[in-house]
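Undergrad: sequence unknown, structure follows:
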């Protein structure tokens, strides 16, 4: 046989082997496809189509009720007080008769005669805290006018200092005393503590105590501490501060969560009062009007102030 014929015969033989190999693989694959697991009799899917109609409706209503409860509890409830206040319908805590506000330059020019005749939850505005100073150099631009007009219009007034943790506490106290001259019938001085800055917990407590001691020594009355509910529990929850009157900020709740003794509660920052454009902080006093008056500076305190000067 010639070489070229031998080569042709070899190619045919290889081609036949290749077809047999592919045919065998396909056959095996076909066998695998034909083989399947037997279906278990109890493995049937539970279809709602087989439920009674009343059961379907009952389940749907129950799921909807659970969804609405969760949505209200976590999303609506915590903010409902704020929403109402923002749209002109503030909710006032029940069981309190003595209401007041606090203001600063953010309220711009205030018509104090209208404020004097305004009401909060059908009760007149009895007291007002006014921002006086901040840090060691900032005087609220409207303090002097607000402080004068508040008293002229028969409101019980108080002045507060916004504490700056990054500045010397003693210098802050002296700056406040230089700017604020309290009189008979005024509320005790107030320290507003809201920031920690770069201070440790102990450093903050010592700084706050320095301010309180200096101002108390001057006015002969314990200053009021203003702070938020969570801030109080986190940074100022120390027996050294237990003897001071507290003014606690806790917004949009029916009841103040703070369980300690407190005198004032700032319950919203979305209050509406005649004579003030925009929102204003609203507060309640934890007691009667007579008890509020007993907290104010007395004639004897003023005499001591004059002697100290």
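TA: Perfect, thanks for sending it. Remember, predicted model here, so these are calculated numbers, not experimental data.
Undergrad: Walking through this structure, point out its helices one by one.
TA: For the chain, the helices defined by DSSP state H cover 3-34, 53-71, 77-86, 112-117, 143-152, 169-179, 201-219, 229-235, 289-295, 299-308.
Undergrad: Against residue 267, how distant is the residue nearest the centre of the chain?
TA: In the chain, the residue lying closest to the centroid (Cα atoms, centre = their mean) is residue 251, at 6.6 Å. Computed as Cβ to Cβ, to the nearest Å, the residue 251 to residue 267 distance reads 6 Å. All C-beta spots, glycine's among them, are computed from the backbone N, C-alpha and C.
Undergrad: Name the nearest residue to residue 51, ignoring sequence neighbours.
TA: In this structure, residue 51 finds its nearest non-sequential neighbour in residue 59, 8.0 Å apart by Cβ to Cβ, 6 or more residues apart in numbering.
Undergrad: Need the pLDDT of residue 83.
TA: Per-residue pLDDT puts residue 83 at 49.
Undergrad: same question, residue 48
TA: In this model, residue 48 is scored at 56, pLDDT.
Undergrad: Likewise for residue 285?
TA: Looking at residue 285, its pLDDT reads 97.
Undergrad: residues contacting the nearest residue to it once chain neighbours are set aside?
TA: Ranked by Cβ to Cβ, 6+ apart and with sequence neighbours excluded, the top spatial neighbour of residue 285 is residue 98, at 4.0 Å. Listed by Cβ atoms under 8 Å, 6 or more residues apart in numbering, the contact partners of residue 98 are 123, 126, 127, 284, 285, 287, 288, 289, 292.
Undergrad: Show me how to select, in PyMOL, the buried members of the residues you listed.
TA: Selecting only the buried entries of the contacts of residue 98 in PyMOL, with 16 or more other Cβ atoms under 10 Å as the criterion:
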select buried, resi 126+127+284+285+292
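Undergrad: Distance to residue 260 for the contacts of residue 98 - can I get that in CSV?
TA: Shown next, in CSV, are those (distance: Cβ to Cβ, whole Å):
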residue, distance to residue 260
123, 25
126, 23
127, 21
284, 16
285, 16
287, 15
288, 20
289, 23
292, 19
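Undergrad: Which ones among the contacts of residue 98 lie within strands?
TA: 123, 126, 127, 284, 285 (DSSP state E).
Undergrad: what two of those have the greatest distance between them?
TA: Using Cβ to Cβ, the ones in strands among the contacts of residue 98 reach their maximum pairwise distance at 123 and 127, which is 11.5 Å.
Undergrad: contacting residues around the nearest residue to residue 157 once chain neighbours are set aside?
TA: Sequence neighbours aside, residue 150 is the residue nearest to residue 157 in space, at 4.2 Å (criterion: Cβ to Cβ, 6+ apart). Counting by Cβ under 8 Å, 6+ apart, residue 150 touches 112, 128, 130, 157.
Undergrad: rewinding a little: redo the ones in strands among the contacts of residue 98 as a markdown table? Include distance to residue 173.
TA: Output for those, formatted as a markdown table (distance: Cβ to Cβ, whole Å):
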| residue | distance to residue 173 |
| --- | --- |
| 123 | 34 |
| 126 | 28 |
| 127 | 23 |
| 284 | 28 |
| 285 | 25 |
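Undergrad: Nearest to residue 233, out of the residues you listed: which one, please.
TA: Nearest to residue 233, judged by Cβ to Cβ, of these is residue 284 at 20.2 Å.
Undergrad: Provide the backbone phi and psi angles at the closest residue to the closest one other than its chain neighbours.
TA: Once flanking residues are discounted, residue 284 sits nearest to residue 96: 4.2 Å by Cβ to Cβ, 6+ apart. Dihedral angles of residue 96 (phi, psi; degrees, to the nearest 10) stand at phi -130, psi 140.
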